[in-house]
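*Asks:* no sequence on hand, only this structure:
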């Protein structure tokens, strides 16, 4: 059984309300239901944390260091493009595998969205797969946990 933390940053709670042409019409509750189903399917404990506040994201990443979290999946939202503080928090928990996720294809959007300052602190980045990207990230997180555990 794996313990995975999913962190969703600003405006993710407005899925199904904001920019449906970019993020789709499924709401945040449907994302939570998908994640819960994947947790049951994989036998994983998955905690989802959402906040619109940068400091709360940093605090939760730091808490992951000592609460048994085995992998972090993070959608930092717009913080992706300028939060060196979140980058540094992710780097500080280097023993925990980390995957950055984005619902939209950030490389096909505005110029400022094409650069992620947080991705270099992660093991992997997934973008443009819609909400299903979260399911892919969970599978990849489980694989990274197994790989880490096999190394010792």
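*Replies:* Ah, there it is. As the structure is a prediction and not an experimental result, all values here were calculated from the model.
*Asks:* what does the lengthiest helix in the chain contact?
*Replies:* Scanning the chain for the longest helix, with DSSP state H as the assignment, gives helix 132-151. Among residues not part of helix 132-151, those counted as contacts by CB atoms under 8 Å, 6 or more residues apart in numbering are 2, 4, 6, 31, 34-35, 38-39, 42, 44, 46, 70-73, 95, 97, 99, 101-103, 123-124, 126-127, 129. C-beta coordinates here come from the backbone N, C-alpha and C atoms, glycine included.
*Asks:* are any of those buried, and which?
*Replies:* The neighbour count (16 or more other CB atoms under 10 Å) marks 2, 4, 6, 31, 34-35, 38-39, 42, 44, 46, 70-73, 97, 99, 101-103, 123-124, 126-127, 129 as buried among the contacts of helix 132-151.
*Asks:* one step back: mind listing what's buried in the longest helix of the chain?
*Replies:* By neighbour count on 16+ other CB under 10 Å, the buried set for helix 132-151 is 133, 134, 135, 136, 137, 138, 140, 141, 142, 144, 145.
*Asks:* partners of residue 72 in the sheet?
*Replies:* When assigned by DSSP bridges, residue 72 has beta-bridge partners residue 5, residue 98.
*Asks:* that one touches residue 62, doesn't it?
*Replies:* No. At 11.2 Å, residue 72 does not count as touching residue 62 under the criterion of CB atoms under 8 Å.
*Asks:* on the pLDDT front, check residue 108 for me.
*Replies:* Per-residue pLDDT puts residue 108 at 83.
*Asks:* over to residue 55?
*Replies:* Looking at residue 55, its pLDDT stands at 98.
*Asks:* quick one: contacts of the helix or strand hosting it?
*Replies:* Assigned by DSSP states H and E, residue 55 belongs to helix 54-64. Helix 54-64 has contacts (CB under 8 Å, 6+ apart) with 5, 7, 9, 49, 51, 72, 74, 76, 79, 83, 85-86, 89-90, 92-93, 96.
*Asks:* much appreciated, bye for now.
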